[in-house]
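Asker: No letters, just coordinates:
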């Protein structure tokens, strides 16, 4: 089974897609996004195998994984009925939902990880203490398809009245009212860029900042923080069979009730449970869609 899932992911990432197919009850496909395909496979394979075993007798006999690198690719896969369930950070899930019509139905919860949000940080000796001080400076983001590493902090900056401009060469100078930015490709690289003074500021998640603060206590300050969101959101394609959706929902909600389920959850990036949105999905996605709309108006897709 794992060999089959590896083959499926390899084909998906390489851009070799099967012809569009109608909904097939026997196969459930779980989609995720990541640049590191092998690492993502290692994380998700035990989860997919568990869901497959628990779904036996419901009409689903196999569970596959599809890993792609962009929201556009994932939205296309969902619209072609190639992905049934999609898991990702909240704003990325919001982008995919807008493009594909997919619907939110659960969140992935981590009790021990604390709230999920973004921080914009600078060295204490940089002279940067407020968002106004970012004007004319360069900030590092992780990658375009990252909630905490780009979308949330970008929203903070543009809502403050500053414009973002990607820095394409070392001689580029930010104009009045602008903030230059670069993509690092990973949170670890973002931390390296600011620690080595290659950028003036950086945007990252709380976990990465706490690691930096532990390694270099007192050297960096938070100049802005984003709103808080669930760690990850689960979407289902709109045309998914309601009975299949109900069965998947029951399996995921019940994982924390057994020792085996809890062990699989822990392997899935220390997940504690899948649960419902405490304030309702509509309220959460109103916030997400407002942020995405603001970014779009600012020219950030």
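Answerer: Perfect, thanks for sending it. For clarity, every value in this text was computed on a predicted model and none was experimentally measured.

Asker: Next, the contact list for the spatially closest residue to residue 88 that is not a sequence neighbour, please.
Answerer: Nearest residue to residue 88 in three dimensions, chain neighbours excluded: residue 33, at 5.6 Å (CB to CB, 6 or more residues apart in numbering). In short, each C-beta sits where N, CA and C put it, glycine included. Counting by CB atoms under 8 Å, 6 or more residues apart in numbering, residue 33 makes contact with 67, 68, 69, 70, 71, 74, 88, 92, 145.

Asker: Angles on the backbone of the first one, please.
Answerer: Looking back up the chat, that one is residue 67. phi -120, psi 130 (degrees, to the nearest 10).

Asker: count of neighbours near it?
Answerer: Residues lying near residue 67 (other CB atoms under 10 Å) number 24.

Asker: for this structure, what spans make up the strands?
Answerer: For the chain, the strands defined by DSSP state E cover 27-33, 62-68, 85-88, 103-109, 118-123, 138-141, 163-166, 178-183, 201-205, 220-225, 232-236, 273-275.

Asker: Most tightly packed of those?
Answerer: strand 201-205 (a mean of 28; mean count of other CB atoms under 10 Å).

Asker: what about the residue nearest the centre of the chain, distance to residue 172?
Answerer: Nearest residue to the geometric centre of the chain (CA atoms, centre = their mean): residue 89, 3.0 Å. As defined by CB to CB, to the nearest Å, residue 89 lies at a distance of 29 Å from residue 172.

Asker: ok, now residue 128?
Answerer: Residue 128 sits 19 Å away from residue 172, going by CB to CB.

Asker: Spatially nearest residue to residue 209 (excluding sequence neighbours)?
Answerer: Sequence neighbours aside, residue 119 is the residue nearest to residue 209 in space, at 5.2 Å (criterion: CB to CB, 6+ apart).

Asker: How about the contacts made by that neighbour?
Answerer: Going by CB under 8 Å, 6+ apart, residue 119 touches 153, 203, 204, 205, 206, 209, 222, 224, 225, 226.

Asker: Which strand residues bridge it?
Answerer: Note on residue 119: beta-bridge partners by DSSP bridges are residue 204, residue 225.

Asker: Next one: it relative to residue 59, how far apart?
Answerer: 45 Å.

Asker: Assess the claim that residue 64 and residue 31 are in contact.
Answerer: No. Assessed by CB atoms under 8 Å, residue 64 is found out of contact with residue 31, at 9.4 Å.

Asker: Who has more neighbours out of residue 128 and residue 172?
Answerer: Ranked by neighbour count (other CB under 10 Å), residue 128 and residue 172 place residue 128 first, with 21 against 13.

Asker: okay, and for the stretch 51-200 of the chain, where does confidence drop off?
Answerer: Within the stretch 51-200 of the chain, the segments meeting pLDDT under 70 span 111-114.

Asker: repeat that for 80
Answerer: For the stretch 51-200 of the chain, residues meeting the criterion pLDDT under 80 lie at 110-115.

Asker: What ranges does it have for its helices?
Answerer: Secondary structure of the stretch 51-200 of the chain (DSSP state H, counting those that start in this stretch): helices located at 71-79, 90-100, 152-159, 187-195.

Asker: Also compute the angle for the shortest one relative to strand 220-225, please.
Answerer: It refers to helix 152-159. Between helix 152-159 and strand 220-225, the angle comes out at 70 degrees (axes from the mean of the first three to the mean of the last three CA atoms, to 10 degrees).

Asker: got the angle between helix 152-159 and strand 201-205?
Answerer: Going by the same axes, to 10 degrees, helix 152-159 makes 130 degrees with strand 201-205.

Asker: Repeat that for the last one.
Answerer: For helix 187-195 and strand 201-205, the angle between their directions (the same axes, to 10 degrees) works out to 150 degrees.

Asker: How is this structure partitioned into domains?
Answerer: Domain segmentation of the chain under automatic domain parsing yields 2-113+231-279, 118-225.

Asker: now the ones you listed in JSON lines, with distance to residue 300?
Answerer: Converted to JSON lines, these look like this (distance: least, CB to CB, whole Å):
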{"stretch": "domain 2-113+231-279", "distance to residue 300": "11"}
{"stretch": "domain 118-225", "distance to residue 300": "6"}
